[in-house]
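Engineer: need coordinates for the below:
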Amino acid sequence: MSRFVLLDRDGVINRRIVSGYVTCWEKFVFLPSALEALRLLNEKNYRVIVVSNQAGVGKGLMTAAHLDEITRRFVAEVETRGGRILAVYYCTHRAEDGCECRKPKPGLLRRAQAEHHFDFGRTFLVGDTESDLLAAHAVGCPAIMVSGTPVARLEELPHAPRVTVPNLLAAAEFLINKPE
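Structural biologist: Here you go, the predicted structure:
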């Protein structure tokens with residue numbers, strides 16, 4: 001049986017550039033154990049969908065073609081390591097654009113669900129920011145937080161994650177070992 005998992009990109013799959021953007025392939029650096037995690041999820045029949053804000057396009061720091069090239073290359077690298085990314089959804093708008101797709105709004109998640117017909121209540125979102133948690137909560141999707149936000153701060157949030165883990169591999173292991 002196939003199951004779905006939604007993943008944020010920067011800070012979950014690849015290194016987040018603090019106060020910046022991954023604007024070219026040379027700046028895309030997989031986080032330790034991320035490729036192993038994606039392989040494991042594939043082996044356990046998880047269908048992986050990436051949902052990520054990429055405002056660097058809207059801010060003119062890179063073109064949509066640059067983003068497409070980064071995506072093509074990272075998806076190909078995941079496949080060479082035994083993983084698989086089913087689909088990638090980006091919001092390329094700036095925060096001030098007021099779109100419905102930029103997390104914390106749930107537009108990207110709803111688009112992915114409409115095209116792939118999964119149940120939000122049975123599909124985890126793995127993210128590393130409060131906006132990921134808020135987007136997941138808006139659609140009733142349980143969340144896993146990859147540590148980046150101090151745990152004390154997470155406890156203060158009204159929409160806390162189901163679990164906080166150090167990396168994507170730990171998130172994958174949680175998903176695989178959780179009771180159905």
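
Engineer: please make it C-alpha for all contacts and neighbour counts, starting now.
Structural biologist: Fine.

Engineer: same for the biggest helix by length in the chain, what does it pack against?
Structural biologist: Using DSSP state H, we find that the single longest helix of the chain is helix 64-80. With contacts taken as 3 or more C-alpha pairs under 8 Å, 6 or more residues apart in numbering; DSSP states H and E, helix 64-80 sits against helix 34-43, strand 85-91.

Engineer: number of residues surrounding Ala114?
Structural biologist: Neighbour count of Ala114, defined by other C-alpha atoms under 10 Å: 10.

Engineer: just to revisit the earlier point, just put the helices and strands packed on helix 64-80 in CSV and tack on mean pLDDT.
Structural biologist: Putting those into CSV (pLDDT from 0 to 100) gives the following:
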stretch, mean pLDDT
helix 34-43, 98
strand 85-91, 98
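
Engineer: which regions of the chain sit below the pLDDT cut-off?
Structural biologist: 1, 148-157 (pLDDT under 70).

Engineer: now the helices for it?
Structural biologist: Under DSSP H, the chain gives helices at 34-43, 64-80, 107-116, 130-139, 151-156, 168-177.

Engineer: gap between stretch 31-38 and the chain center?
Structural biologist: 13 Å (C-alpha atoms, centre = their mean, to the nearest Å).

Engineer: pull out the buried positions in that stretch.
Structural biologist: Leu31, Ala34, Leu35, Glu36, Ala37, Leu38 (16 or more other C-alpha atoms under 10 Å).
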